[in-house]
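Trainee: quick check, what structure comes out for this input:
(2 chains)
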There are 2 protein chains.
Amino acid sequence: MRRTLQLAALGGGRTSPNPMVGAVVLDAGGTLVGEGFHARAGEPHAEVGALRQAGDRARGGTLVVSLEPCCHHGRTPPCSEAVIAAGIARVVVAMSDPDPRVAGSGLARLRAAGLEVIEGVAGSEAHRLNRAFVHRVLTGRPLGVLKWAMSLDGRTALPNGDSQWISGDAAREWVHRLRAGCDAVIVGGGTVRTDDPLLTSRGRRDPEPLRVVLSRGLDLPAAAWLWDTTVAPTLVAHGPGAPQKRREAFDRMVQASAGDSPAIDSAEVDPADPLTNASGPQRLELPACEPLALLEALAERGCNRVLWECGPELAAAAIRQGCVQELAAVIAPKLLGGPPARTPLGNLGFESLVKVPCWRELNRHQLGRDLLWELEGPQPPTAPSDPPIDGWGSASPRSAP
Amino acid sequence: MRRTLQLAALGGGRTSPNPMVGAVVLDAGGTLVGEGFHARAGEPHAEVGALRQAGDRARGGTLVVSLEPCCHHGRTPPCSEAVIAAGIARVVVAMSDPDPRVAGSGLARLRAAGLEVIEGVAGSEAHRLNRAFVHRVLTGRPLGVLKWAMSLDGRTALPNGDSQWISGDAAREWVHRLRAGCDAVIVGGGTVRTDDPLLTSRGRRDPEPLRVVLSRGLDLPAAAWLWDTTVAPTLVAHGPGAPQKRREAFDRMVQASAGDSPAIDSAEVDPADPLTNASGPQRLELPACEPLALLEALAERGCNRVLWECGPELAAAAIRQGCVQELAAVIAPKLLGGPPARTPLGNLGFESLVKVPCWRELNRHQLGRDLLWELEGPQPPTAPSDPPIDGWGSASPRSAP
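Mentor: Residues are numbered from 1 along each chain as shown, chains lettered A, B, ... in the order given. The predicted structure is shown next:
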């Protein structure tokens, strides 16, 4: 099973909206005869690849797979039927698929066909690997990671606004790797205006994650790295209150810059994938200009994991609406001073320290001279029926899209 | 030598203004025949204790000692003479004594008497152990440690001021141990007014560190834990600008509370030690109400290491004046939010991130759920002739008192 989880992780950052899955096939004598992993949505599932490699040697053998095989027709035929057809005698799975279209019926189909099924082997590791997928399926929203870099005295910029760079080279390279594991990277309009970021993984992910700007008033600069969608796709989301004139101006800017951009070979664009099907930034009106509405729209676009790289006010709003499940704070061994200097978060509305929850450590390590501390939320939702958590907003989870 | 450093550390927090010193004596055959350490200022030096234990077996043997033996009459007679009188043939020392009254002449005296002298064994470890003593001797000021506890978003209190408690039990117990290794703990008047702290080591050090309040206007509450000097001594320092009326009111308050306090047995008070010779808080006028002037006064009172446990403005002033050589930041895995919430440091005057120096890691470990990161300054002064460090104030070091 450890090998299947390693195989599964090879698809990291590319399988959304699907989970990462790995599979191995052992023949009747216990010899490894096939391996496979799910490389990308729309491509064959892990089991199919492993069974193909095994061929006839799969007959009477064992399939070890990190997630329950599917039993429905999606973009590919159901894997449970392929497993039965290959003559597999025994299936070992790490966890059942929380997707309501599967949710145990894949395993039930296998048992009904007379196969032996063993569940829960390395289940917690498998859950951890696919926690973003599980979160999206259970809540209808991608798992949110909030990242910031700050000085040891909690500052994200000098009083004069200088913020490049607080962290060192190693930490900035780590940010590119972090982005490569996410389906979208979100900033607010203020970050576009002040920092003009590129927000890519610098080629570590193909395609690059969707770059998202959440802007209340569409008061955005005419020139910005984000508008060059030959590098990576960009989505500009706003609420119903965005002024009509600004919407029109934005759309005109997109049309004009599309004329400037190098022509995209339409054969390279996957018409089924809205994230790459754009020759300029897309504009999206949300029901409300807030983190929750944005994440629901991103879940519909297939995002399992999103990265908040925004300023303090949007970050605080995302936390208040339960849109942040993990934190990744880079702490530089420097003192910047304040109070006019900037800080990572706006007001969270706490009135007593007793009510402030503790986050749980996921990882802690050194990045050059900087320290990276990764934590997960006090009580990540595990089922749609979870009650809202005290102090974490009261956004009610909804069912999968 | 490792054993002598372990012995030396047994005196930790109690030897000031002296250094920590450990010594072992080996007989002519190399067998350990004596051990000693300097337990407290005024008590015998480490060499004397080890030689006493060794007795006649020291003759022709080796003395291993973590610091150059002294050659001057202080509160105890010179150790170099005792070493010679004991018939020691060879002396191994980790480092020479930076005290200008010694500074190599102790070793010269031993060599002149025909003893073999080996220097520099485990010298960097010995320097590290006594870095506060070395700093005080070279600069005329105690080594300053700035400590704070903050949330992961760099906050030291909620917007409403609630700050108890950001860190957990383990971190608060660690603060008591940290205080036990310091000769004085410094706060500003604001901390006394808002937090009414006790500032003791909870009995981990005897005597307790001197509690120091640096107050510009002597606007201090009539009742405070710090005024009870039966628990620990307290010094209230102010500048020439403190109003005469407040000085008189403070002195009356001290006299009145001295009447309330349980009588102190005068036999227990060491008249040579101004830190414990007080039946109420002492008041001290400094040439200026600023960190540098305070530290020079504390060096004169025998402090090698002081702990800044103050609010953001005094902490920033202490950094700007070069009065902070080490940081100890406790980071709790909590998010408090801001900007109205409080932060660790006031303005440091930086205008470009390129000029902000990096601190160097000393230690990093977990305290319960909290993270402790201890660092030392970018370029701690090593000699009185060091030029001022860019970005760290321009306070010129002065010679030893």
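
Trainee: which bits of the stretch 201-350 of chain A sit near chain B?
Mentor: Counting by C-beta under 8 Å from any C-beta of the partner chain, the residues of the stretch 201-350 of chain A lying close to chain B are A:312, A:316, A:319, A:327, A:329, A:331-341, A:343-350. Quick note: C-beta positions are derived from backbone N, CA and C, even for glycine.

Trainee: and the residues you listed, which of them are buried?
Mentor: Applying a neighbour-count criterion of 16 or more other C-beta atoms under 10 Å in any protein chain shown, the buried members of those are A:312, A:316, A:319, A:327, A:329, A:331-339, A:341, A:343-348, A:350.

Trainee: so where's the stretch 251-400 of chain A uncertain?
Mentor: Scanning the stretch 251-400 of chain A for pLDDT under 70 picks out A:258-278, A:340-341, A:379-400.

Trainee: in it, which spans are helices?
Mentor: Ranges of helices in the stretch 251-400 of chain A, per DSSP state H, counting those that start in this stretch, are A:291-300, A:312-320.

Trainee: ok, the residue in the stretch 1-150 of chain A that chain B sits nearest to - how many residues close by?
Mentor: For the stretch 1-150 of chain A and chain B, the shortest gap (C-beta to the nearest C-beta) falls at residue A:150, measuring 6.0 Å. Per other C-beta atoms under 10 Å in any protein chain shown, the neighbour tally for residue A:150 reads 25.

Trainee: which residues touch it?
Mentor: A:156, A:166, A:329-332, A:343-344, B:153-154 (C-beta atoms under 8 Å, 6 or more residues apart in numbering or on different chains).

Trainee: distance of the residue of chain A found nearest chain B relative to residue B:339?
Mentor: When C-beta to the nearest C-beta is the measure, chain A has its nearest residue to chain B at residue A:154, with 1.2 Å between them. Look at residue A:154 and residue B:339: by C-beta to C-beta, to the nearest Å, they are 11 Å apart.

Trainee: common neighbours of the two, please.
Mentor: Listed as contacting both residue A:154 and residue B:339 by C-beta under 8 Å, 6+ apart are residue A:343.

Trainee: ends of stretch A:27-36, how far apart?
Mentor: Between the opening and closing residues of stretch A:27-36 we find a distance of 15 Å, counting by C-alpha to C-alpha, to the nearest Å.

Trainee: an error on my part: the question was meant for stretch A:174-191.
Mentor: Distance between the two ends of stretch A:174-191: 20 Å, counting by C-alpha to C-alpha.

Trainee: is chain B contacted by that stretch?
Mentor: No: residues of stretch A:174-191 contacting chain B under C-beta under 8 Å from any C-beta: none, with a closest distance of 14.3 Å.

Trainee: how far out from the middle of the chain is that stretch?
Mentor: For stretch A:174-191, the separation from the chain centroid amounts to 10 Å (computed by C-alpha atoms, centre = their mean, to the nearest Å).

Trainee: excluding chain neighbours, give the residue nearest to residue A:170 in space.
Mentor: Distances taken as C-beta to C-beta, 6 or more residues apart in numbering or on different chains put residue A:368 closest to residue A:170, at 3.5 Å, once the chain neighbours are dropped.

Trainee: pretty sure the one you found sits against residue A:172.
Mentor: No: here residue A:368 lies out of contact with residue A:172, judged by C-beta atoms under 8 Å, at a distance of 9.4 Å.

Trainee: tell me who's in contact with the nearest residue to residue A:288 once chain neighbours are set aside.
Mentor: Distances taken as C-beta to C-beta, 6+ apart put residue A:239 closest to residue A:288, at 5.3 Å, once the chain neighbours are dropped. In this structure, residue A:239 makes contact with A:216, A:285-290, A:293, judged by C-beta under 8 Å, 6+ apart.
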